[in-house]
Each structure stands twice: as structure tokens, then as C-alpha cells.
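**Student:** take a look and give me a structure for this.
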Amino acid sequence: MSQELLTSLVGNGPAMQKVKKLILQVAKTDATVLILGESGTGKEVVAQSLHTVSARSDKPFVPINCGAIPGELLESELFGHEKGAFTGAITARKGRFEMAEKGTIFLDEIGDMPLPMQVKLLRVLQERIYERVGGTRSLECDVRVIAATHRNLEDNISEGKFREDLFYRLNVFPIEMPALRERPEDIPDLFEFMFQKIKGMSREIPLISERAMIALQNYSWPGNVRELGNLAERLSILFPGLTVDYDDLPEKYQVELKENASLIKVSDTSLITSNKALVADDESKTDVPEVSNSEELPGVEGAVVYESGLGRIPDLESGLDLKSYLVEMEVQLIQRALAQTDGNVSQAAKLLQTNRTTLVEKIRKFNL
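**Tutor:** Prediction:
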């Protein structure tokens, strides 16, 4: 298996090189893979690439969006049904697992799967058998399972929305797909890829000036690669065969730039952009918040503190807002971890012994 086979995964920056390396490592096995990442980052492309370089590449790749199918129909979609199993079942029908036999099934948006179906999927992963709806015969299952979600499943577990035992069955080999704002060095290649697809439809494509590309590299891309694809299509319609300059970009992409702003390249080692809006490398750095050296405890103004086996905690004699106190303590710990690691989110997550995705969400939540 060669990395050249991963042609659909565009980008040569450190973040994408790490993803490609993980794909090639796990493709040698039949281990269950859980792909994490925001919407629009290309999780299905990762799943397809993994199937392509695996030993099952000559067998079917069968995707299903677990969030797009009503819960009452999802069981039939996954496992099939027998004739007469329910109203409208006029013939027997194969499910996606049966279609994917010897190949790969991709369970997209697994975090949106209803709890009753999670129990049935867990049984398939554990015992590798299932029954069609309305059937009594057990069918054996030889399928590589790849799941994906944009949700934080650990938070869903704590909220009672996702089964913990299913999470550990799926999370055998996690692959985290970076957001586009975390890999701006790949943006020129992504536009080239999108434009070549448009050119393949016998349409003229535009050129993007350097200043316009610098602005695009400094944009936050909330819609990730999907948004970039939409913009590439829009620009090809508006400027066929022409050069797109900074002033030609839609207003929201005209990010304010400093005079010395330059293109972020794959070879760059310091990837903090001129306006500090983006950081992109394999370790995902962020601006380091200031950490106060004050010994005051959050949420308990003027409270007396004392030492215990748990550290410095407030005297509860005058009362305490526990929720505010815990939130502020969490903020201080995150700030301290980021300061200690010079803003490196991945290393800070290790210090805090938490998932990197969880830490990123908390940084956004607390506006750090």
C-alpha cells in the first residue's frame, strides 16, 4: 500500500500527513475506526481512502448517514427486512451490512443514532451476527466498520445520549480530521483540486492572486472544505478565465491583512498568521492567554482558603456558588496548561488528560 493511493486526500501539510500516515497504518488491519472532526472536513473521503488502501478494496464500500434516516427505518436500512415484516414490506430486502459483506460499511454521523439502535449495533460489533427485521435466521457479518461523527461522543455519554460501551467498541482506532483553519497551508492545493474538477466539466476556471490567497488562508472557514468547494464553484462562475484579486472576493473573505502578510507554505515552521486568527500545524497552536498569578479563588471573592489533601480550597462558612467556582477553576487550569505549552492545544490536552477535541470545544466555549 502506498501513500500515492490517497489521491483524494488533498494537502501535504503536517496535519494531513499525520492523517495519511494513520490511514496507512490502520489499513493493514480490520480494526474498527472512528473518524472525528467538524462538519465539512472530509470524513467520508477519509473513510473511502481507508477502504481503497485496505485488503478489502475490491469489495463494496457502503456508506449510510445515520442522522438522515428516521429511527424507525434505520434498523431495516442497516440489517434489511423479510417480506411482510411491516406494512409496505412487499418483498425481502438486503440491509447495508449485507450489501457490505467482505467489504466496508461507513456509519456517518454515528452520534445521531437513536439509543435503541445503538444497542443493536453494539451486538453486531460484539458478536458479528444480526437478523433481518421480521426474520429469525441469524446472519454472520464479515464487514470492516468505519464510523464518523462531528459530535463530542464523550459529552454525549455524560448527557445520556450515547452508550459508553458502544463508544469504546467504535473508538478502537480514532482518526481526527483537522479543521481547514488548522491547515491553511493546504488551501492553495485544495483550490487547485476543486478548479481541476470544474475544468474537467469543460468549463473555464479562474486564477487567484497572491493577496487574495493570503486572505483566504487567514479566513476562519466555519464550513471547512465543503465551504471552500462552494466558493471555488462560485468564483469559477463569476470569473471564468480571469484573475480573482482580493477586492473580487465576497466581502466576508476579505480578511484584514497586515502589510507583511505572506502565503503560508507547507515548509513554514511558524504558521501563526499575520492577524493571529488562525494557527495551523500538526500540533494546533492557539494564542496563549495571560495567566494570573493571583491566589484569589474564583467565584469566592474574599473567601478564606485553607490547605487540604485536595489542595487549596475555600472555606464554605460564607457560602459558595459551586457551578461558577468549578467553571472558573476549569478556565484557569486550561489557561495554565496553554501557557505552559506555549499555546500548543495537543500538548495542553495531554497535560489535562483530556481529548484534544474536547479541549478545543472548551476553548471556544469559554472564549479563550
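
**Student:** next structured bit after the strand or helix carrying residue 20?
**Tutor:** According to DSSP states H and E, residue 20 maps onto helix 14-26. Per DSSP H and E, the first helix or strand lying C-terminal to helix 14-26 is strand 33-36.

**Student:** what helices and strands are in contact with that next one?
**Tutor:** helix 43-52, strand 144-149, strand 173-176 (3 or more CB pairs under 8 Å, 6 or more residues apart in numbering; DSSP states H and E). To be clear about C-beta, it is placed using only N, CA and C from the backbone, and glycine gets the same treatment.

**Student:** just the mean pLDDT for the following helix or strand past the last one, thanks.
**Tutor:** Going back to what we said before, that points to strand 173-176. Using DSSP H and E, the next helix or strand after strand 173-176 towards the C-terminus is helix 187-199. Averaged across helix 187-199, the pLDDT comes to 95.

**Student:** tell me the buried residues in helix 187-199?
**Tutor:** 187, 188, 190, 191, 193, 194, 195, 198 (16 or more other CB atoms under 10 Å).

**Student:** got it, and stretch 224-233?
**Tutor:** 224, 225, 227, 228, 229, 231, 232.

**Student:** okay, the residues you listed in TSV with distance to residue 51 next?
**Tutor:** Putting these into TSV (distance: CB to CB, whole Å) gives the following:
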residue	distance to residue 51
224	22
225	19
227	26
228	24
229	22
231	29
232	26
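
**Student:** now flag whichever of those residues is closest to residue 117.
**Tutor:** residue 224 (27.5 Å; CB to CB).

**Student:** return the closest of the buried residues of helix 187-199 with respect to residue 113.
**Tutor:** Nearest to residue 113 among those, counting by CB to CB, is residue 190 at 30.4 Å.

**Student:** strands along the stretch 201-350 of the chain, start to end?
**Tutor:** For the stretch 201-350 of the chain, the strands defined by DSSP state E, counting those that start in this stretch cover 207-208, 243-244, 305-308, 311-314.

**Student:** lowest average pLDDT across those?
**Tutor:** strand 305-308 (a mean of 43).

**Student:** break this structure down into its domains, please.
**Tutor:** In terms of domains, the chain is parsed into 3-178, 181-253, 305-365 (source: automatic domain parsing).

**Student:** show me how far the last one is from its chain's centre.
**Tutor:** I take that to be domain 305-365. 24 Å (CA atoms, centre = their mean, to the nearest Å).

**Student:** how about the longest one?
**Tutor:** Here the centre of domain 3-178 is set off from its chain's centre by 15 Å, with CA atoms, centre = their mean.

**Student:** looking at the chain, which helix or strand is least sure?
**Tutor:** Ranking every helix and strand in the chain by mean pLDDT, DSSP states H and E puts strand 305-308 at the bottom, with a mean of 43.

**Student:** and the gap between the nearest residue to residue 187 once chain neighbours are set aside and residue 19?
**Tutor:** Excluding the flanking residues, the one nearest residue 187 by CB to CB, 6 or more residues apart in numbering is residue 217, at 5.2 Å. The gap separating residue 217 from residue 19 is 19 Å, by CB to CB, to the nearest Å.

**Student:** more neighbours, these two?
**Tutor:** Neighbours of residue 217 and residue 19, each counted by other CB atoms under 10 Å, are more numerous for residue 217; the result is 29 against 25.

**Student:** isn't that one right next to residue 257, touching?
**Tutor:** No. Applying CB atoms under 8 Å, one finds residue 217 not in contact with residue 257, separated by 9.9 Å.

**Student:** ok, which stretches of this structure are helices?
**Tutor:** 14-26, 43-52, 71-79, 96-99, 115-127, 153-158, 164-170, 187-199, 210-217, 224-238, 322-340, 345-351, 356-365 (DSSP state H).

**Student:** save the ones you listed as CSV, and put in distance to residue 177 too.
**Tutor:** As requested, the helices of the chain are arranged in CSV below (distance: least, CB to CB, whole Å):
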stretch, distance to residue 177
helix 14-26, 7
helix 43-52, 5
helix 71-79, 24
helix 96-99, 22
helix 115-127, 22
helix 153-158, 15
helix 164-170, 16
helix 187-199, 14
helix 210-217, 19
helix 224-238, 9
helix 322-340, 23
helix 345-351, 15
helix 356-365, 10
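
**Student:** go through those helices and name the closest to residue 247.
**Tutor:** helix 210-217 (8.5 Å).

**Student:** pull the residues that contact the closest one.
**Tutor:** 184-185, 187-188, 191, 208, 244-246, 248-249, 253-255, 257, 261-264, 273, 278 (CB atoms under 8 Å, 6 or more residues apart in numbering).

**Student:** in stretch 147-158, what's buried?
**Tutor:** Residues 147, 148, 149, 150, 151, 152, 153, 154, 156, 157 are the ones in stretch 147-158 that count as buried (16+ other CB under 10 Å).

**Student:** quick check, the first one in contact with residue 173.
**Tutor:** No. With contact defined as CB under 8 Å, residue 147 does not reach residue 173; the gap is 10.9 Å.

**Student:** what do those two both touch?
**Tutor:** Taking CB under 8 Å, 6+ apart as the criterion, residue 147 and residue 173 both touch 32, 33, 34.

**Student:** got the residues you listed as CSV, with neighbour count, distance to residue 364 and pLDDT columns?
**Tutor:** What follows is the shared contacts of residue 147 and residue 173, written out as CSV (neighbours: other CB atoms under 10 Å; distance: CB to CB, whole Å; pLDDT from 0 to 100):
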residue, neighbour count, distance to residue 364, pLDDT
32, 17, 29, 97
33, 26, 26, 98
34, 22, 22, 98
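
**Student:** residue 11: which of the residues you listed is nearest?
**Tutor:** Of the shared contacts of residue 147 and residue 173, the one sitting nearest to residue 11 (CB to CB) turns out to be residue 33, at 19.4 Å.
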